[in-house]
Structures are given as structure tokens and as C-alpha cells.
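# Provided below are the primary sequence and the corresponding predicted coordinates.
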Amino acid sequence: MSDNKPIDSYSMFANVQSYLGLPLSRDIDTADLVVLGIPYDLATTGRAGTRHGPQGVRLASGNLRWEEKRWPWTFNAMDRLNVVDYGDLEFAPGESQSMIDTVVNTVGGIHAKGKKTLSIGGDHFVTLPLLRAVHQQRGPVALIHFDAHTDTYQESSEFDHGGMFYFAPQEGLIDPAHSIQLGIRTEYNPEDHQFEVIDAAAVNDMAAADIVAAIKRRVGDMPVYLTFDIDCLDPAYAPGTGTPVAGGITSDKALKIIRGLVGLNLVGADVVEVAPSYDHAEITSLAAATLGLELIYLMASLAGQD
């Protein structure tokens, strides 16, 4: 551990807004986990604006800075992990390939140093280059995917936030036989669908513990990447997103599921599709910031087992 600690202050909104008041740094040599933003929304098919997601999530995270131990965890994640905010990745405006190259090279370099990443989108297309970056060091991973949509649509173009998980298995980035999707409530073809699906109706009816057991059975002992599209949540809990779909899951259920994943080898994660311009009272940004914090605690719980 190093001295890179969140700013020790009860003034939650003073000074530059990093995520959770973490140190803003691109010196990651002593870091265990690197938080970074990807302000990109050129692949969206619905309402645009997720390029402002990282900024909105960081600002809302100020509400979470005061707790020394995130409830109901029994330890302080920052005592187990050295976490830094890398800032946003920079790429040529309007150039999707520039974003892809930047993510693969930068995030791949972070993982090459043995670090883990938590990325804040941006639309969901950013997960594809993130998986390519993780694959360089980790090989194929099991995917835990929270979403209203499967994002496996074969008709998707090369740059489309609806086709990442059609292309990812073809590239060998993920093992669909050990991957699972949760919260789905839009059309897909189950006959040729490679992923296990627990749809939104089932997630809402099942106990969180039973969902966690199903996830753990599916992923087994593989390294895990978790991607959370905020539209997995019902629009009542996440109105600020590009493609909202009624009938989603609650923030409470999502948090309980994530907390239950203790013991999995989570090597990276992202929270995507926050569009602050459609938000109200930072409901969506706060939900995303909170999910990110829970993912940090999940990674810290694994560090505590070392």
C-alpha cells in the first residue's frame, strides 16, 4: 500500500471532482486498481449524451465520500487497495477507431502491470475495446452482464453499442459457456443464444442469494469481467440513460447481487450508459457511482483473502 488515499475531508464537494475524492494520478506504479472515464457516445442508437457520464458519476460520487466503511461491508476498501483516478482517456473527437486504439493500448498497459480497472462510460460499446485490453493479459474471461438488452444483435455495425457481445465471443475475448446476462427484457433469439440469461422478470421474483448462486455456478473459477449497463435498472431508479426500458430491476437488488459475488476473481469492471442530461436530481449518476463503489469493495474483498 502507498499513501494514495482519498482526500480526508468532510467537505464532500470541494476542489476538483475525482471519483470518491481519490487521488487524480497517472502514476499507477503503486496502484492496485485504476478508475478511468471513457467519454464516448458515438455508438449509441438511442438518446445521446453518455459522453458526459464520467463527469456526472464523479460529481455524484461526492455523496459517498463521508463513509469510512461502506455499509454493510465490515472493512474500508481503501485499507486493502490502493485506488487512483486516472482521469478520462483522450481520443480524437468523432473518431471511433481512435477511442478503440486508446482504450486497448492504455487499459492493456494498465493490466500488463498487474493492475485492475474500473471504467466509467460512455456508451456500452466501450466494453468491447475494454475486453480486448483485458484479453491481452488475462486471456478469455467469464462475463457477468447486467443490461436491459443482450447486445448480441448480429445486424450490428462495427461501431454499435448493440453488438459487442456478438463480436466478443467470435474474437475469443469471453467464454459464453461461462457467461451470464441479467435483467434482460428486450427481444433476442434464445435458440441460438450462447449466454445464460436471467431476465428482468425472473431477477425481480428471485431472491438475490439464488441469483448469486446461479452466477457462481455459471462462471466457475474463471477470471471474471463485470459490465453494468445502467439501463438494467428500472427507469424509476435510472431515468438518465439513452435506451430506458420499463420493468427493470431495483438498485437494491443490483447491490445485493454484487455484494454476493465475493470470492470471484473479478479482474475488471465497467459501469456504462449514464446520460446526465436525461437524469433527475442525479438519481442515475448516484446509482452508477454507488455500483462502482460496491465493485471496488468486491475487488477489495478478494484482496483481503490473499
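Good, I have the coordinates. Numbering: from 1, shown residues only.

# Checking the residue most central in space within the chain next. Helix, strand or coil?
In the chain, the C-alpha nearest the mean C-alpha coordinate belongs to Asp270, at 1.9 Å (Cα atoms, centre = their mean). Here Asp270 is recorded as strand under DSSP: H, G, I helix; E, B strand; the rest coil.

# for Tyr86, same thing?
Going by three-state DSSP: Tyr86 is strand.

# start to end distance for stretch 25-36?
For stretch 25-36, the first-to-last residue distance is 10 Å (Cα to Cα, to the nearest Å).

# next one: stretch 138-154
End-to-end distance for stretch 138-154, by Cα to Cα: 26 Å.

# Gly21 versus the residue nearest to Ser25 when sequence neighbours are not counted, what's the distance?
Nearest residue to Ser25, sequence neighbours excluded (Cβ to Cβ, 6 or more residues apart in numbering): Val84, at 4.7 Å. All C-beta atoms are positioned from the backbone trio N, CA, C, and that covers glycine. Using Cβ to Cβ, to the nearest Å, one gets 12 Å for the distance from Val84 to Gly21.

# before we move on, the earlier item: show me what contacts the residue nearest to Ser25?
Asn4, Leu22, Pro23, Leu24, Ser25, Asp27, Ile28, Ala31, Leu33, Val34, Val35 (Cβ atoms under 8 Å, 6 or more residues apart in numbering).

# Quick check: which ranges of the stretch 101-250 of the chain have low pLDDT?
Low-confidence segments of the stretch 101-250 of the chain (pLDDT under 70): 155-163.

# run the last query once more with 80
Flagging of the stretch 101-250 of the chain using pLDDT under 80 yields the residue ranges 153-163.

# For it, which segments are assigned as strands?
Assigned by DSSP state E, counting those that start in this stretch, the strands in the stretch 101-250 of the chain fall at 116-121, 142-146, 180-184, 196-199, 224-229.

# Surely Leu182 touches His149?
No. Between Leu182 and His149 there is no contact, the gap being 11.9 Å when judged by Cβ atoms under 8 Å.

# Give the burial count for the nearest residue to Thr284 once chain neighbours are set aside, as a bare number.
Excluding the flanking residues, the one nearest Thr284 by Cβ to Cβ, 6+ apart is Gly240, at 3.4 Å. Around Gly240 sit 29 other residues, with neighbours defined as other Cβ atoms under 10 Å.

# can you tell me which residues contact Gly240?
Per Cβ under 8 Å, 6+ apart, neighbours of Gly240: Gly56, Ile230, Val274, Ala275, Pro276, Ser277, Tyr278, Asp279, His280, Ile283, Thr284, Ser285.
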